[in-house]
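> pasting the sequence and the predicted coordinates here, then a few questions.
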Amino acid sequence: MERKEALTLLKEHVKTDRVFRHSLAVEAAMVAYAMKFGEDENYWGLLGLLHDIDFEKYPEEHPNRSPEILEAANFDETFIASILSHGSTSKIPRDSKERQCLHAVDEMASFIIAIALMRPTKLEGLTSKSVKKKMKDKAFAKAVNREELTASAEALGVEFSDHVDTIVNGLIAHEAKLQKEGYSLLD
Ligand SMILES: [Fe+2]
Ligand SMILES: [Fe+2]
């Protein structure tokens, strides 16, 4: 599927700004990692873009209701299994790079955006050092499980500072592209 089509599909199922932006942020991070690992950028980007597609309609069952949406849109079994694998209750093992990556960038991308929104220069100049500092600040983004942020990066086999840098740079690059399409991760 082409990205444009996937965006249309996403908009059919995701109506809130919060989940829509989160999907774009995870897309950005997945594309950045696809480039880093020499993988298919479109495919990895679509995994990011569509990973929470059933969340608004079925928050309790998410992501286990995504197959019905994705099958109807002709996604193959492997793609659908990769989406399922990011769920905390999933029985699908995170046994490939894209699955480990999706898990590692899911919360991290939005955590980074939350930090950027508080800075005058937003994502520009945001270092892994300040991200780590915010992770120690228990009052900030309380719902985000810090241990999972670090453990998932470890499972992906990347050093945590590099992980943050890859995502920050990916978000910056994607923001430029999104603005041309009339979207933003940051406003
Ligand atoms: Fe999710
Ligand atoms: Fe997510």
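Sure, I can see it. Ligands and ions are numbered 1, 2, ... in the order given.
> residue contacts, the spatially most central residue of the chain?
By CA atoms, centre = their mean, the chain has its centre lying nearest to residue 26, at 2.0 Å. Neighbour list for residue 26: 48, 49, 51, 52, 102, 105, 106, 109, 110 [criterion: CB atoms under 8 Å, 6 or more residues apart in numbering]. Every C-beta, even on glycine, is put in place using the N, C-alpha and C of the backbone.
> quick one, phi psi at the residue nearest to residue 46 when sequence neighbours are not counted?
Leaving aside its sequence neighbours, residue 46 sits nearest to residue 6 (CB to CB, 6 or more residues apart in numbering; 5.2 Å). Reported as degrees, to the nearest 10, the phi and psi values for residue 6 are phi -60, psi -40.
> against residue 7, how distant is the residue nearest to the centre of the chain?
Distance of residue 26 to residue 7, computed by CB to CB, to the nearest Å: 14 Å.
> what do the two both touch?
residue 49.
> measure the residue nearest to residue 46 to ligand 2 for me?
Per CB to the ion, to the nearest Å, residue 6 is found 15 Å from ligand 2.
> so what touches stretch 180-187?
For stretch 180-187, using CB under 8 Å, 6+ apart, the contacting residues are 21, 24-25, 28, 113, 116-117, 122-123, 171, 174-175, 178.
> 7 Å instead?
Residues outside stretch 180-187 that contact it (CB atoms under 7 Å, 6 or more residues apart in numbering): 21, 24, 25, 113, 116, 117, 122, 171, 175, 178.
> show me which residues of the protein sit near ligand 2.
By CB under 5 Å from the ion, the residues of the chain that approach ligand 2 are 52, 106.
> quick one: the strands in the chain?
Assigned by DSSP state E, the chain shows no strands.
> and the helices in it?
3-13, 17-37, 41-50, 66-72, 77-85, 97-116, 128-136, 146-156, 160-180 (DSSP state H).
> JSON lines for these, including mean pLDDT?
Compiled in JSON lines, these are given as follows (pLDDT from 0 to 100):
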{"stretch": "helix 3-13", "mean pLDDT": "98"}
{"stretch": "helix 17-37", "mean pLDDT": "98"}
{"stretch": "helix 41-50", "mean pLDDT": "98"}
{"stretch": "helix 66-72", "mean pLDDT": "98"}
{"stretch": "helix 77-85", "mean pLDDT": "98"}
{"stretch": "helix 97-116", "mean pLDDT": "98"}
{"stretch": "helix 128-136", "mean pLDDT": "98"}
{"stretch": "helix 146-156", "mean pLDDT": "97"}
{"stretch": "helix 160-180", "mean pLDDT": "97"}
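> need the ones you listed in JSON lines with distance to residue 59, can you?
Listed next are the helices of the chain as JSON lines, based on distance: least, CB to CB, whole Å:
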{"stretch": "helix 3-13", "distance to residue 59": "12"}
{"stretch": "helix 17-37", "distance to residue 59": "10"}
{"stretch": "helix 41-50", "distance to residue 59": "16"}
{"stretch": "helix 66-72", "distance to residue 59": "12"}
{"stretch": "helix 77-85", "distance to residue 59": "16"}
{"stretch": "helix 97-116", "distance to residue 59": "15"}
{"stretch": "helix 128-136", "distance to residue 59": "26"}
{"stretch": "helix 146-156", "distance to residue 59": "19"}
{"stretch": "helix 160-180", "distance to residue 59": "25"}
